[in-house]
Every structure is written in structure tokens, then in C-alpha cells.
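Peer 1: here's my sequence, what's the structure:
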Amino acid sequence: APHRIPEILEADLTPPILSLADWGINNMNDLTWIDLPPNHAIQQATKNLENLEAIADGKITDHGKQMNQLPTHPRIAHMLLTAKEEGLLPLAADLAALLEERDPLPKETGIDITLRIESLRRSRGNKYKSGGKFARIEKIAGQYRKLMNAKEENSSFDPYEAGLLLVHAYPERIAFARPGNNAQFQLANGAYAMAGHRDDLAHEPWLAIANLNDRESGTGKIFLAAPLNPTDLVPFLKTQEIVRWSTKKGGLIAANETRIGSIILKSTPISEPDQALVLDAITAAIEKEGEALLNFDQQVKQWQYRILTVKKWYPDENWPTTSTSHLLATNPQWLTPYLRNINKPDDLKKINLAEVLQYSLTNEQQVRLDELAPSKIIVPSGSHIQIEYQKNGSTPILAVRIQEIFGLKETPSVNHCNTKVLMRLLSPGYKIVQTTTDLESFWNSAYHEVRKELRIRYKKHAWPENPFDQVPLRGAKPKKK
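Peer 2: The predicted structure follows:
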């Protein structure tokens, strides 16, 4: 690489956003940056601070101001301040020091962070006769005790209290054991992680995770955690009306759910959910997977291509964007009136999408679209033949059997006669025998070669020497009486 990646593009933005909020700056984009911080990192950091009660309604709280006064990461600051209220400061100081340093014990020790706290306290009780890693950790713990005016403690402690302190630092990492999946846990943030099957904490129903490799997809691995007492989690429980769409589960799901983040502990179905939530759930599902949910049939695709073609002919006119991705992203603007009584995927398939989209145009646009890019052309036989518009807006195609255009000299056109269609001339068996934009030239030259071959294969059909003397036919020539 020609240069290092700027740290701000990869770093955790939780600390700087807290400092900026304390200075009264609630939008990082209001400042001038050499490298603009990524939006996803800003959003994640803001969410972290909201979970840590440091920011509410976009502004810093009094608690957040206290956190920013402590010379440590906001997660640790929140844990220390909360531990002070709960009378757990000595334990919080030890835990904070361990979180900031490398794991002092070998991997085979297991993931239980309380074993590290016990080892730290034993080493401290022995006045670090052996020196080593714990001396460094104790130095940091001592700084936290001095900062928070806490006493040193080397006695035994409740492991569940260590777990609760970890929850204060990492509320999104509350983890619940997955039923039937030994050593696998679901986190409050929706992710999944696992411990070793033989680990002492593998069979705990609840964990507070301090350290893991967080994978975007798949199951992460837990490195450090502590057990949790479910009764300590009562303050984190939230009951709310949830309405979501799950195609796999049959469509609309509405329930009162008691949950901790993404962990659902209880769900009670709702017969009459909030219609605003219902609408939000359906439109969100359509935006995500609407190409499969809605009936994007050939008629709809042709409507899209017709408008695309007209936009290409008249770029200065205000025609809407009709790409599938854009239609799905903007579906609340044009589809909402048709989403009443929608409960399952079949209900969405029944929506006449072609008609809905057509009516999404103004009356003037509907008329002009039919004038410039008609969906069908009437040929001499009287048939209404569908015009095939192209995905890239190129020349429209008219596929028609030769017998139906006997007597037609000029190539049909659209766009107020400014654009000739590309004709695919078909045999009675609907096989392409010629492609042309110059029908008169076809009659005068290629038709006679085509006639020689097809009159033998299709004997029941008319193949006159002069196609202008023959009445156009939709099928075989009529039998003589």
C-alpha cells in the first residue's frame, strides 16, 4: 500500500463523539475533516452512547458529561460510574484493568474472566513476589481505585456481580444460550457466538461477553465472559409491540414481545396491531425482497422499459425512474394505498402491479406514454400485436407473422412516427425468418426467397407472388366452398 489507512476510517468513534457532544457538537459532519469519518461508524458509536445512557435525543446527558470527565473509554467510564452507585467499585476497578490489558492467563484456562480477577487478587495479596503480567494490571487497577476513591479488595466476590459490571460496559453483548445448541449463544445485538464445548461457562444460560471476534456472518468465538444472574437483567427487559414481516414464516407477524435487544424471551400474538407499524413492516419487506414478493411480470417489465425508452428519446422531460431497485426503495410513495388487508405473500402477489404503476403516473404522462410508446400496434390482419421494448432503451421490436402484414408497405413506427420498429417477421410456426427495419425492401427482395422455402413447409397458408394482392390472414387460408 502506498500509505497507511487513516485511523479515523477504522477506529471506534465512541470516545470522540462523546467528547464532541460534551462540546455541544452533535453532528460530526459539521466539522471539517481531512478524512470524513464513515457514516456507519458514526451511527454505531452513537448507538453505543445511547445504550450507555450518555446521549439521549441527540444530546449529551449529565451522566454522559460525567463519563467524559474520566480518562478512559466511555464503556469503562459508564461501568465505573454505575459500579459506584451499586457499591462495586473495587471489583469494577479490577475488571477495568483486565479489560484494558492482554489476557494474563493462558488460553487453556477458559473464557471465565472471573478467574483472572481471582488471580489478580491472589497476586496482589502476595505483594507480587513473582512479578509478571499481574503487576502491570494492578498498576492500572490502582489508578482506577485512586481516580474513583475506592479501596483495594482481595477477598472473594460474587461472579454474577462481575457479569453485571460487564453488562454495564457492553449491554449489547448480553448473551442467551440457544436451545439445543450446546455452547452457542445469541447476543442482544443479534449476533451469535460460541464458547468451547468443554469450557466451564459453556452450559451457563446467560453470559456477559467481554471479548469476542465479531464476525459479520456466521458465529463468532468468545474469548472472555462472565456468568449472569437472570434476575439482574430485569432492568434491561423491554416489552413492546413488534410488527415485522417474515416471508419464511408466512408473512405478517404481530406480537407483544418481551426482549433484551434481539433476544426474545416472551411473545404474545396481537390480533389488531397498530396499522402504522403494519404498513412500515410491509413496505420495509418490499424494499428488501419486493422483486420476489410483488408480481413483476412481463407486463410490468414492459412498462418499465417503455418509460426508460421515452426517457432516452426525451431526456429533458420529467419522467420517473422506473428501475426495479428504485421502485422498491420508493414503494411507500406509490404502493401504500394498495397495502390494506395484506397479511401474507399471496396477498402481495394479487396486487395488479402493472395497473398500480400506470396510475402512479400523472394523467398527462399516461396519455403521452401511450402516444409515444404504445404497448401494441394494430396490423393489417386486425390483430393487436405487442411491441417489445428493450431493457437498454434501444429500438422497440415488433414480432409478427408474415401472413398478418400482407399489403403493408411501410415499416410501422412509434414516437410520433420518428422511430421505426425493428420487425421480426415470423413463419406460421412463429419462427423468425427475417429481421428488418425496411419492410418495403423485404417485400421486393428477401420475401421471394422466403416464399420458396416456406410455401413447401406451410402448404395450408397463403404465399402469393405479390404480397400486396393478398388479403392479410391471421391463420391458414380459408377452404374453398
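Peer 1: and the end-to-end length of stretch 173-180?
Peer 2: 20 Å (Cα to Cα, to the nearest Å).
Peer 1: no wait, stretch 369-388
Peer 2: For stretch 369-388, the end-to-end distance is 15 Å (Cα to Cα).
Peer 1: what about the closest residue to Ile60 other than its chain neighbours, how many residues nearby?
Peer 2: Among residues not flanking Ile60 along the chain, Ala21 sits closest, at 4.0 Å (Cβ to Cβ, 6 or more residues apart in numbering). For glycine as for every other residue, the C-beta is placed from the backbone atoms N, C-alpha and C. Ala21 has 23 neighbours, counted by other Cβ atoms under 10 Å.
Peer 1: Ala21 is in contact with Met67, isn't it?
Peer 2: No. Using Cβ atoms under 8 Å, Ala21 makes no contact with Met67, being 10.3 Å away.
Peer 1: mutual contacts of those two, please.
Peer 2: Counting by Cβ atoms under 8 Å, 6 or more residues apart in numbering, the shared contacts of Ala21 and Met67 are Ala54.
Peer 1: after the strand or helix carrying the residue nearest to Ile60, next one along is what?
Peer 2: Element membership for Ala21 (DSSP states H and E) is helix 14-22. Beyond helix 14-22 in the direction of the C-terminus, DSSP H and E gives the next helix or strand as helix 39-51.
Peer 1: and that following helix, how far from the chain's centre?
Peer 2: How far helix 39-51 lies from its chain's middle: 18 Å, per Cα atoms, centre = their mean, to the nearest Å.
Peer 1: and the helix or strand just after that helix, what does it pack onto?
Peer 2: Later in the chain than helix 39-51, the nearest helix or strand by DSSP H and E is strand 55-56. The contact analysis (3 or more Cβ pairs under 8 Å, 6 or more residues apart in numbering; DSSP states H and E) places strand 55-56 against helix 39-51.
Peer 1: buried set for stretch 292-311?
Peer 2: Buried residues in stretch 292-311, counted by 16 or more other Cβ atoms under 10 Å: 293-294, 296, 299-300, 302-311.
Peer 1: state the pair within those residues that is farthest apart.
Peer 2: Between any two of the buried residues of stretch 292-311, the greatest separation by Cβ to Cβ is 27.4 Å, found for Leu293 and Val310.
Peer 1: helix, strand or coil for Gly64?
Peer 2: Secondary structure assignment for Gly64 (DSSP: H, G, I helix; E, B strand; the rest coil): helix.
Peer 1: and it, how far from Glu371?
Peer 2: Going from Gly64 to Glu371 by Cβ to Cβ, to the nearest Å gives 62 Å.
Peer 1: of those two, give the one with the bigger neighbour count.
Peer 2: Neighbour comparison, Gly64 and Glu371: the larger count goes to Gly64, with 22 against 12 (by other Cβ under 10 Å).
Peer 1: and the residue nearest to the more buried one when sequence neighbours are not counted, what does it touch?
Peer 2: Counting by Cβ to Cβ, 6+ apart, Ala54 is the residue found nearest to Gly64 once chain neighbours are left out, at 3.3 Å. Residues near Ala54 by Cβ under 8 Å, 6+ apart: 18, 21, 60-61, 63-64, 67-68, 74, 78.
Peer 1: for Ala354, same thing?
Peer 2: Going by Cβ under 8 Å, 6+ apart, Ala354 touches 297, 299-300, 303.
Peer 1: farthest pair in the contacts of Ala54?
Peer 2: With Cβ to Cβ as the measure, no two of those lie farther apart than Ala21 and His78, at 14.1 Å.
Peer 1: re earlier: and the helix holding Ala21, how far out from the chain's middle?
Peer 2: Computed by Cα atoms, centre = their mean, the chain-centroid distance of helix 14-22 equals 28 Å.
Peer 1: tally of neighbours for Pro235?
Peer 2: Going by other Cβ under 10 Å, the residues that sit close to Pro235 add up to 7.
Peer 1: mind pulling the model confidence for it?
Peer 2: Listed pLDDT for Pro235 reads 93.
Peer 1: doesn't it lie inside a helix?
Peer 2: Yes. Judged by three-state DSSP, Pro235 forms part of a helix.
Peer 1: how close does the residue nearest to Ile60 get to Leu49?
Peer 2: In terms of Cβ to Cβ, Ala21 sits 7 Å off from Leu49.
Peer 1: overlap in contacts, those two.
Peer 2: By Cβ under 8 Å, 6+ apart, the residues touching both Ala21 and Leu49 are 55, 64.
Peer 1: so Ala193: helix, strand or coil?
Peer 2: strand.
Peer 1: chain neighbours aside, what residue packs nearest to it?
Peer 2: Gly220 (4.1 Å).
Peer 1: helix or strand for Leu98, just tell me which one.
Peer 2: Secondary structure assignment for Leu98, by DSSP H and E: helix 89-100.
Peer 1: counting neighbours, which bits of the following helix or strand past that helix end up buried?
Peer 2: Counting by DSSP H and E, the element after helix 89-100 in chain order, helix or strand, is helix 113-125. Buried residues in helix 113-125, counted by 16+ other Cβ under 10 Å: 113-121, 123-124.
Peer 1: can you tell me which of those residues is closest to Val356?
Peer 2: Closest approach between the buried residues of helix 113-125 and Val356, by Cβ to Cβ: Ile113, at 56.6 Å.
Peer 1: residues touching that closest one, list them.
Peer 2: By Cβ under 8 Å, 6+ apart, the contact list for Ile113 reads 95, 98, 162, 166, 210, 224-226.
Peer 1: gap between it and Asn318?
Peer 2: In terms of Cβ to Cβ, Ile113 sits 62 Å off from Asn318.
Peer 1: for the lengthiest helix in the chain, buried residues please.
Peer 2: Looking across the chain with DSSP state H, the single longest helix is helix 275-293. Neighbour counts over helix 275-293 (16+ other Cβ under 10 Å) mark 278-279, 281-283, 285-286, 290, 293 as buried.
Peer 1: what pLDDT does the spatially most central residue of the chain get?
Peer 2: Nearest to the mean C-alpha position of the chain, by Cα atoms, centre = their mean, lies Lys288 at 6.2 Å. Per-residue confidence (pLDDT) for Lys288: 95.
Peer 1: what residues are up against it?
Peer 2: By Cβ under 8 Å, 6+ apart, the contact set of Lys288 is Leu328.
Peer 1: same question, the one 10 residues further on
Peer 2: Contacts for Gln298 were tallied using Cβ under 8 Å, 6+ apart; there are none.
Peer 1: now with 10 Å?
Peer 2: By Cβ atoms under 10 Å, 6 or more residues apart in numbering, the contact list for Gln298 reads 354, 386, 388.
Peer 1: ok, now Leu187?
Peer 2: 170, 172-176, 193, 207, 209, 212, 214, 220, 222, 260-263.
Peer 1: hmm, which of these are the buried ones?
Peer 2: With burial judged by 16+ other Cβ under 10 Å, the buried subset of the contacts of Leu187 is 170, 172-176, 193, 207, 209, 212, 220, 222, 260-261, 263.
Peer 1: which residue in those residues has the weakest pLDDT?
Peer 2: Lowest pLDDT among the buried ones among the contacts of Leu187: Gly220, 90.
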